[in-house]
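Student: My questions concern the predicted model and sequence given below.
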Amino acid sequence: MLNEYTSHRRVNAHEPDRPWAVYLADPDRRFKLLCFDLDAKTPGAANAAARDAEVLSGLLNDAGLNALVCQSGPAGGRHVWTALADGIDAETVATMARLARHVCPTLDLSPLANAVTGCVRPPGSPHRNGGHSTVLSGSLSILTHPTGTAAAVRTLVERLAALVDDAEPARTIDPRKPLPLDDHARLYLAGPRRELPAVSADALREDAASGDASAVLWRVLIGAAAARWRHADVAALVPTSPGLEHIRTYRDRNERKPRGQIDAARVLRRQWDKAVKYVASSDRQIGDDPTFDVRADAIAAHVRHIQTRADAATGRWSRGGGPADRRVLDVLCVLALQALDAVVEADTRRIALMAGIGRETARTALLRLAADDWISQERTAEGPHGAAWKIGPQDTIHSPLDIGRSQADPRPAGAGAAERTTLLASLTARTTDAAHDLFTLGPGLGHLAGNTYAHTSSDPQRTDDLARALGATPGQMLRILTRLTTAGVLVNNGNGWHRPTHDRRQAAAVRLGINGRLVDRANRYAIERELWAWWQAEESWMNAPRRTAPSRRPGKGQLSLLPDDGTHAYGPYPRRADGRADYEAARRELVEERNGIAARRQPEQAASTNEDASTATDIERMFFDILGAERIA
């Protein structure tokens, strides 16, 4: 049953005997009331909603806005209210809601994202399942005698933006170099140790046992890694810090059970290394660029518009090649957010690997999306460059700063960058969850099953809700969910479908005999790319102007400081006896070389990053450190 209020009338002195709600915005679509509606559909979600209510009321008070906290009904949800003496524009409120949702996952965006129909039951209003909205803290005078200002709301948005970006690291790590290991053989990021970011420090103090303990642990670990902590620093806090509950215990249905010492250490090691790698490779752009926030705001608004359109056309993505099309569209949106540009250069192999599909599937998906005006091709592939695609049919991207915003409603500082961060995080998580061996075609469960899994979480969801989100019929969705449950990657506890405590996708892929399929595909595509680059170099050599003196190209593995056209790490392209290119020999040589590198890399992975420098000769160190040379084979 949905929350629907179908009649409109003024409320008089007699309180209605049925649930009733009030609009948050006036007829001019400016918000005079703000209410953060925190849902609670399960006992665990009720605890999480209470925790999120504390976070939001604290943020409101810090921004100069008085907070009134109510229990919305018998399930334990929360409403956090504040009122404004002067109105605030709908766009700022929608931005505030999206950023708050990133910090407080139980927040329902609907009331704050719609200035026309957004409404919430006020204190005292009945709940459809019994009981009333009851005041827990604060005074009703906060709503009857409003004192909040638009400036305070913008301050709140700026604080939320800082919280969102606090845990996102600056990209200061060279991705071509292996990460260093500490004295305990655990990864870390070099640099002076700093205080934890605010969002991670808050997570460390959270009662993680009452909510999603793994999500709380992740917020702690990425902040610690970004602050240049070591594994031992976090391990020392495990016995006493509430936010590290996921290391000490695991959830078994509705209770948490203690882990053994070996299992707890294993969980921390795995999650710590994962967090360090994430921080090291995170593509956050920071610095003194005064245009970054505006450009981030523009591309975030553009991507959000495309995603909203796609979410409204759910039936488009559930039939035929639709599931693969949606993955490709999401991948292009991720690339656009990373590049801060709606036009991105991406070859089909790169798109395919990010989406977890084959390159031919990616190629046909791009053609279908272009035919339906979801994307357009700006440039065709040429030489070493892939095709350039533009997401969305619009010719230009307009910044919301320039549309319908008066000087009285300036954009809160940092909001654009934070909006981009939230979109990038959610889309990356969705594409990563769906791109797995288990969700490939053939013996795998298929693309739609992967997209369905990507829409689930640790919170139970009903079949009908997932069917609406994926554009499938309830019967079709039930069959998919049953297959996912049979594979062991989803659980139905009677309240709905949700993910188990541990990720079981790899175990399911092993049982189906398809574990490693995407890795094999990535290796095959890497060889194909290298073969193409090698042949491109050969063509450059053949088409170069005739040389006046005989010259000999560097052979395989030889270093050339000033390479001529056509120089390649593998030397001249193999030729048959008749002088024609020998493609089979070239492929065989590349495969043998890659297999040899992989075999040599096994013992090297356990060594520290300083070993290469210590074994290099003085001449090699001069090439590497002074001239910036790299090994090419």
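Tutor: Arrived safely, thanks for sending.

Student: Please make it C-alpha for all contacts and neighbour counts, starting now.
Tutor: Noted.

Student: got the contact list for residue 328?
Tutor: Contacts of residue 328 were listed using C-alpha atoms under 8 Å, 6 or more residues apart in numbering, and they are 351, 352, 355, 362, 365, 366.

Student: give me the number of residues near the third one?
Tutor: By that I understand residue 355. With neighbours defined by other C-alpha atoms under 10 Å, the count for residue 355 comes to 28.

Student: got it, and residue 91?
Tutor: Neighbour tally, residue 91, other C-alpha under 10 Å: 21.

Student: Heading C-terminal from the host helix or strand of it, find the next helix or strand.
Tutor: The secondary structure element spanning residue 91 is helix 90-103 (assigned by DSSP states H and E). Proceeding N to C from helix 90-103, the next assigned helix or strand is strand 107-108, under DSSP H and E.

Student: what mean pLDDT would you report for the next helix or strand after that following strand?
Tutor: The first helix or strand that comes after strand 107-108 along the chain, using DSSP H and E, is helix 110-113. The pLDDT scores in helix 110-113 average 92.

Student: Export helix 110-113 to CSV, keeping only CA atoms.
Tutor: Extracted C-alpha coordinates of helix 110-113, given in CSV (Å, rounded to 0.1, in the frame of the first residue of the first chain):
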residue,chain,number,x,y,z
SER,A,110,10.4,12.0,-2.4
PRO,A,111,9.0,14.8,-0.1
LEU,A,112,12.1,17.0,-0.5
ALA,A,113,12.6,16.4,-4.2
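
Student: I'd like the distance from stretch 245-262 to the chain centre, please.
Tutor: 26 Å (C-alpha atoms, centre = their mean, to the nearest Å).

Student: do the same with stretch 529-538
Tutor: With C-alpha atoms, centre = their mean, you get 34 Å for stretch 529-538.

Student: Only the buried residues of it, if you could.
Tutor: 531, 533, 534, 535, 536, 537, 538 (16 or more other C-alpha atoms under 10 Å).

Student: again with stretch 374-390
Tutor: Buried positions in stretch 374-390, judged by neighbour count with 16+ other C-alpha under 10 Å: 374, 375, 376, 377, 386, 387, 388, 389, 390.

Student: still on that earlier bit, could you export the buried residues of stretch 529-538 as TSV, including distance to residue 72, pLDDT and secondary structure?
Tutor: Below are the buried residues of stretch 529-538 laid out as TSV (distance: C-alpha to C-alpha, whole Å; pLDDT from 0 to 100; DSSP: H, G, I helix; E, B strand; the rest coil):
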residue	distance to residue 72	pLDDT	secondary structure
531	63	84	helix
533	62	79	helix
534	65	80	helix
535	67	82	helix
536	66	78	helix
537	67	78	helix
538	70	79	helix
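
Student: ok, of the contacts of residue 328, which one's closest to residue 155?
Tutor: The nearest member of the contacts of residue 328 to residue 155, counting by C-alpha to C-alpha, is residue 355 at 38.1 Å.

Student: Can you get me the start-to-end distance on stretch 101-116?
Tutor: Separation of the first and last residues of stretch 101-116 by C-alpha to C-alpha, to the nearest Å is 20 Å.

Student: tell me the contacts of residue 71?
Tutor: By C-alpha under 8 Å, 6+ apart, the residues touching residue 71 are 77, 78, 79, 133, 134, 135, 136.

Student: My read is that the fourth one contacts residue 81, right?
Tutor: No: in this structure residue 133 lies outside contact range of residue 81 using C-alpha atoms under 8 Å: 11.9 Å.

Student: and the two? which has more neighbours close in?
Tutor: Neighbour totals were compared for residue 133 and residue 81, and residue 81 leads with 26 against 23 (other C-alpha under 10 Å).

Student: Check the offset of the strand or helix carrying the more buried one from the chain's centre.
Tutor: Taking DSSP H and E as the definition, residue 81 sits inside strand 78-89. In this view, strand 78-89 has its centroid 30 Å away from the chain centroid, taken as C-alpha atoms, centre = their mean.

Student: what does it rub up against?
Tutor: 29-40, 49-50, 53, 56-57, 65-72, 142-143, 146-150, 153, 409.

Student: Buried ones among these?
Tutor: Applying 16+ other C-alpha under 10 Å to the contacts of strand 78-89 flags 29-40, 49-50, 53, 56-57, 65-72, 142-143, 146-150, 153, 409 as buried.

Student: Thanks again, I'm all set now.
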